[in-house]
Every structure is written in structure tokens, then in C-alpha cells.
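> after the sequence you'll find the predicted model.
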Amino acid sequence: MIRALSVASEAYPLIKTGGLADVVGALPAALAAHEVQTTTLLPGYPALALSIKGARAIHRWRDLLGVEARLLKGEIDGHPLLVLDAPRLFARGGGPYGDATGTDWPDNWRRFAALGRAAAEIARGAVKGLTFDILHAHDWQAAMAPAYLRYTAAPVKSVVTIHNIAFQGRFEAAIFPDLGLPAAAFAIDGVEYYGGVGFLKAGLEAADAITTVSPTYADEILRSEFGMGLEGLMTTRRERLHGIVNGIDPAVWNPETDPALPARYTHRTLPRRAANKRAVERTFALEAGDGPIFTVISRLTWQKGIDVLADCLDDLVARGGRLALLGSGDVTLEHAFLDAAARHPGRIGVRIGYDEPLSHLLQGGADAILIPSRFEPCGLTQLYGLAYGCVPVVARTGGLADTIIDANDAALAAGVATGIQFDGVTREALTAAIRRAIRLHASPAHWCTMQRRGMKADFSWGTSGARYAALYRDLLQR
Ligand code: ADP
Ligand code: GLC
């Protein structure tokens, strides 16, 4: 049995702002199937304190980068959970990274350096009763863990997974003395990054292996267009870089058992979906009709290409489409969609906010999900769309390129298409893709075949869980 410590800033169902949480939440079960026991370490946000029952303190720090902290041990869905209880760092309102207005906390460097330092100490065996073989850090918020581990003699191997290289945790050089690292760590092969300190960069330098969440994104981040300044480092370390596509958690995303759906269904009982479509129409005040309902379930940011979609809406409506959007993010984008809804009453419905059950209803009732991302390391909403018969219309990038088979003539004829892909996130390309979806939707034979094909495809964690486990084994044998 391999013992892995998985360190992250989010995990579903305890705390979630995006796909990172879904993946970190699903990994313990995915890996358990391959003889890996995963313990998850999370920061002690208020939301966690409420939901972890029976947690007890197993360790104390008088001075963890200047603050007092305790380590709590509990359980999540039958898997071990550790919570870094440091009230001065984590007991505050707002979200995991910023206040209620979305402004980053000014001490984020200390918050996540402390998480990394605690993780490294736990991994090297400083906490009685806990031993680990693998330290697995997710994204910049956890990436300091291998950077600290490097300065211990522990025989523990480390993995950093990049869920999004656009977020790097860059801070001023002035914080360096407070990180408690040896002076030599402020170097080009250490934590130094363009004259400051880079948390993700530090982790990528220190890790024994690097993974990212799709094979295409693993190639893309070697290029300046996608590498966001880290392409040079990624290129030097490319023999240690692996692209492992995310899976979906069937306990959470299954239309046959989903409590958020008025009508549950399988690929054999697709017509039942109609009741969910009616529920979407009511919820978003859309006119009833047989034409396609497109949905968007997304952070509203530049990454997601949502600004380009805003320019395509008049055409979408003119061609007989309707749109139900659930999302939040950039205020200008929120307003663009609220304006479009006001221009097209009954045809465009917008819900600004974050609503987990509503996201399930949209996957189970809308006809197609639009994902025009400029870059997408993996993307989960297209996988949920496949599982729910909500046909993905996606930009050909990252994990979207790896998981969707475009409905071109050959793929349609062979019965292998699962969605629509388009090249280049432009108004023209996206409009053409939407028109193509509307035409295909008018041909039930094609559309239902695509829906069923997606629903039958296997995007469970089976294969990817096995790949992570094989990577761990490989590292431990070196
Ligand atoms: P990212 O992590 O870049 O935001 P992913 O596609 O990997 O993109 O994951 C997004 C996750 O967040 C999915 O589980 C999706 O359903 C969820 N999500 C995004 N926006 C919302 C929202 N407004 N309400 C509910 N769930 C949302
Ligand atoms: C990031 C990426 C997204 C990916 C998710 C989980 O948030 O933006 O593409 O699916 O992490 O790996």
C-alpha cells in the first residue's frame, strides 16, 4: 500500500471554487482502487470547521511561519483528512483566496507558504503516527510543499500537478526572509522567479514528477502562448512531465441517481430528459419550445472565452436557439449577459452566482453546453455534459481537444462523434459552431446518437487513477 499526502486549497464537497476541488475530492477513491491510500490536507477555512465531525488535534505548531497552528485529523467520505487549523490565516469570511469582493488576501503568501511548510513537515514524519511515501501538491497554493521538502532528508517523493499554469503565486522578493528557507533557496533553480518569489515555479523545480490534467495541455505549456512564462522551465523538465486527463466522480455526476434532477434517466431512457428541459425553461424564464437550449456553467473570465460568446448571442437567438447561463466572475461580463437577457426576454436567461444543484439541472436539461475557452487545462463541464447527454460545443484546446470527438461528416457516418469542436476563439468560429449545433439538433437521428455515444463513453477515474498510481510506483522504485 502506497501512502500519499495530497495537499490542496480546495476539495469537493468541503470547499470549491472550480474543477480543482472536484479532482482533489475524487482522487482518494480513484487511487484506493490501485492500492494507494490518500490523506488529504486542506487549510482550516471556516466552512471546514463546520463540516468535519469528530476531528481531533494531533499536532501543534507554536510558530508556523509566525503563527500558531494545530493539525486536526478527521475523515472525508471514509478517507483520512488533515486540516491545518491556523485561525490567524484561515478563519475569515469571503472565499478561500480573497474577501467577499474578490480581492486577494494580502497575506496569501503566508497562508499558502504555511500550508506548504506544514505539508512538508507532515510528509517527512514530524507528526507522530503519520508516515507517507508520496507528497502530491496541487497548483500554486500547495506547490511550496515540495520546495520545503527538498531541504529535509526525507525519502519521500514529490509530485506537483498543474491544474492551471495561469495562476502561479508570484510575490515580491521581500517576503523571502519570512519563508524560513535557507538563503541558497533564493536562486534560479529554487524559489526565485523573475526577481521575486514564485510558488508554482518553486514547486516545479523541486518536484520529482510534474503532471498536468490533459496530454494536449502538457504539450501546450511547453510553448510561450500557453506557458505563461514557465515554458522554459517546463521544456527543461519535460521528461518529468506527464499529461493525465481528469475523470469524473460517478457518485456525484450520474443522471441515473442525481437528486438535483426532476427526471432521472440513462442512455436508454433519454426521452425522460424532456421533463428536465421544461424545468430549465421555468427556472430561466425561457419560452417553451423544441429548439435547442444552450447552457454555460462557468467562471466568467477571459480564460473561458465568455466575452466572445457575448458577441454571438444575437445570432444564436435569430437562428432559433435559447441560452441558460449560470456563472459569476468579471463584472463587465456579468453585465453583458444581463443586458443580452433584457434584449431577448424568453430566449436568454441568466443566473449570476454559484449554484451546485442548478449546475446539475442544466447538464440534465439543456441540449448543449458551450465552452469556448481560450485555454483549458482539462475542463470538467464538458465531461459532465457527455455523461448527461448535454452535447459539448468546445474550442479545440487542452483537455477539450482530448475528450470530445467532433461531429464532422466522417465521425457522424462512423457514429463516433460526441460533440462539436471549433478552432480559434473568434466570433466567426464560435458562431459557425453554434449554427452547426442548431442544424444537427434539428436532425434527431444524429443528435440522439451523439448524446448516447457521450453517455456511454467512459470518463470515470479508472484509467487516470491507474496512471497516477503507476507514476507513484515508478518514483518509489527509482
Ligand atoms: P475551472 O476549474 O477552470 O473553473 P472546470 O471545468 O474544470 O473549470 O471546473 C469547473 C467546475 O465548477 C465544474 O464542477 C462546474 O460545474 C463548476 N462551476 C463553475 N461555475 C459554476 C457556477 N456558477 N455554479 C455552479 N457550479 C459551477
Ligand atoms: C483548473 C482548469 C480546468 C481543470 C481543473 C481541474 O481549474 O482551469 O481546466 O479541469 O483545474 O483539473
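Noted; the coordinates are in hand. Ligands and ions are numbered 1, 2, ... in the order given.
> ramachandran angles for Asp258?
For Asp258, the backbone dihedrals (degrees, to the nearest 10) come out as phi -70, psi 110.
> ok, and the closest non-adjacent residue to the residue of the chain found nearest ligand 1?
Nearest residue of the chain to ligand 1, counting by CB to the nearest ligand atom: Gly19, 2.2 Å away. (Each C-beta comes from the backbone N, C-alpha and C, glycine too.) Closest residue to Gly19 apart from its sequence neighbours, by CB to CB, 6 or more residues apart in numbering: Leu380 at 4.4 Å.
> phi first, then psi, for the one you found.
Torsion angles, degrees, to the nearest 10, at Leu380: phi -110, psi -30.
> pretty sure Gly190 is touching Ala202, no?
Yes - using CB atoms under 8 Å, Gly190 is in contact with Ala202, at 6.5 Å.
> what residues are up against the residue nearest to Gly19?
The contact partners of Leu380, by CB atoms under 8 Å, 6 or more residues apart in numbering, come to 19, 22-23, 246, 248.
> ok, back up a step: so for Gly190 and Ala202, which sits in the more crowded spot?
With neighbours defined as other CB atoms under 10 Å, Gly190 and Ala202 compare such that Ala202 has more, 30 against 22.
> okay, and that one sits in which element?
Per DSSP states H and E, Ala202 falls inside helix 199-206.
> ok, then the element right after that helix?
As assigned by DSSP H and E, the chain's next helix or strand after helix 199-206 is strand 209-212.
> just checking, what packs against that following strand?
Secondary-structure packing of strand 209-212 (3 or more CB pairs under 8 Å, 6 or more residues apart in numbering; DSSP states H and E): strand 157-162, strand 241-243, helix 462-477.
> paired strands for that strand, with orientation please.
Partner strands and pairing direction for strand 209-212 (DSSP bridges) are strand 157-162 (parallel), strand 241-243 (parallel).
> can I get those in a markdown table with mean neighbour count and mean pLDDT?
Shown next, in a markdown table, are the strands paired with strand 209-212 (neighbours: other CB atoms under 10 Å; pLDDT from 0 to 100):
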| stretch | mean neighbour count | mean pLDDT |
| --- | --- | --- |
| strand 157-162 | 27 | 98 |
| strand 241-243 | 20 | 98 |
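> which one of these lies closest to ligand 2?
Ligand 2 sits nearest to strand 157-162 of all those, at 7.7 Å, using CB to the nearest ligand atom.
> just the residues contacting that closest one, thanks.
Contacts for strand 157-162 (CB under 8 Å, 6+ apart): 123, 133-139, 142-143, 145-146, 149, 200, 203-204, 206-213, 221, 377, 471-472, 475-476, 478.
> tell me which residues are up against the helix or strand that that strand is followed by.
As assigned by DSSP H and E, the chain's next helix or strand after strand 157-162 is strand 170-171. The contact list for strand 170-171 (CB under 8 Å, 6+ apart) reads 109, 193-194, 196-199.
> if you set the cut-off to 10 Å instead, what comes out?
Here strand 170-171 makes contact (CB atoms under 10 Å, 6 or more residues apart in numbering) with 108-110, 112-113, 140, 179, 191, 193-194, 196-201, 229.
> what strands flank it, and is each parallel or antiparallel?
Strand pairing for strand 170-171, using DSSP bridges, gives strand 196-198 (antiparallel).
> mind listing what's buried in the strand it pairs with?
Along strand 196-198, these residues count as buried under the neighbour rule (16 or more other CB atoms under 10 Å): 197-198.
> contacts for that strand, please.
Counting by CB under 10 Å, 6+ apart, 109, 113, 140, 143-144, 147, 168-176, 179, 181, 185-186, 190-192, 204-205, 229-230, 233 sit against strand 196-198.
> quick check, stretch 212-231 touching ligand 2?
Yes - residues of stretch 212-231 are located near ligand 2 by CB under 6 Å from any ligand atom, namely Val213.
> give me the distance from that stretch to the chain's centre.
With CA atoms, centre = their mean, to the nearest Å as the basis, stretch 212-231 stands 16 Å off its chain's centre.
> just the CA atoms of that stretch, as PDB, please.
Extracted in PDB, the C-alpha atoms of stretch 212-231 (Å, rounded to 0.1, in the frame of the first residue of the first chain):
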ATOM      1  CA  THR A 212      -0.900  18.300 -15.700                       C
ATOM      2  CA  VAL A 213      -4.500  17.500 -16.400                       C
ATOM      3  CA  SER A 214      -4.500  16.500 -20.100                       C
ATOM      4  CA  PRO A 215      -2.000  15.400 -22.700                       C
ATOM      5  CA  THR A 216      -2.700  18.300 -25.000                       C
ATOM      6  CA  TYR A 217      -2.200  20.900 -22.300                       C
ATOM      7  CA  ALA A 218       1.100  19.100 -21.300                       C
ATOM      8  CA  ASP A 219       2.300  19.900 -24.900                       C
ATOM      9  CA  GLU A 220       0.800  23.400 -25.000                       C
ATOM     10  CA  ILE A 221       2.600  24.600 -21.800                       C
ATOM     11  CA  LEU A 222       5.900  24.000 -23.500                       C
ATOM     12  CA  ARG A 223       5.100  27.000 -25.800                       C
ATOM     13  CA  SER A 224       5.000  30.700 -24.900                       C
ATOM     14  CA  GLU A 225       1.400  31.000 -26.000                       C
ATOM     15  CA  PHE A 226       0.300  28.800 -23.100                       C
ATOM     16  CA  GLY A 227       3.200  28.500 -20.700                       C
ATOM     17  CA  MET A 228       2.700  32.000 -19.200                       C
ATOM     18  CA  GLY A 229       6.400  32.500 -18.600                       C
ATOM     19  CA  LEU A 230       7.100  28.900 -17.400                       C
ATOM     20  CA  GLU A 231       7.500  27.400 -20.800                       C
END
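> please name the bridge partners of the closest residue in space to Pro80 that isn't next to it in sequence.
Using CB to CB, 6+ apart and skipping the chain neighbours, the partner closest in space to Pro80 is Thr39 (4.2 Å). Thr39 has the following beta-bridge partners by DSSP bridges: Leu5.
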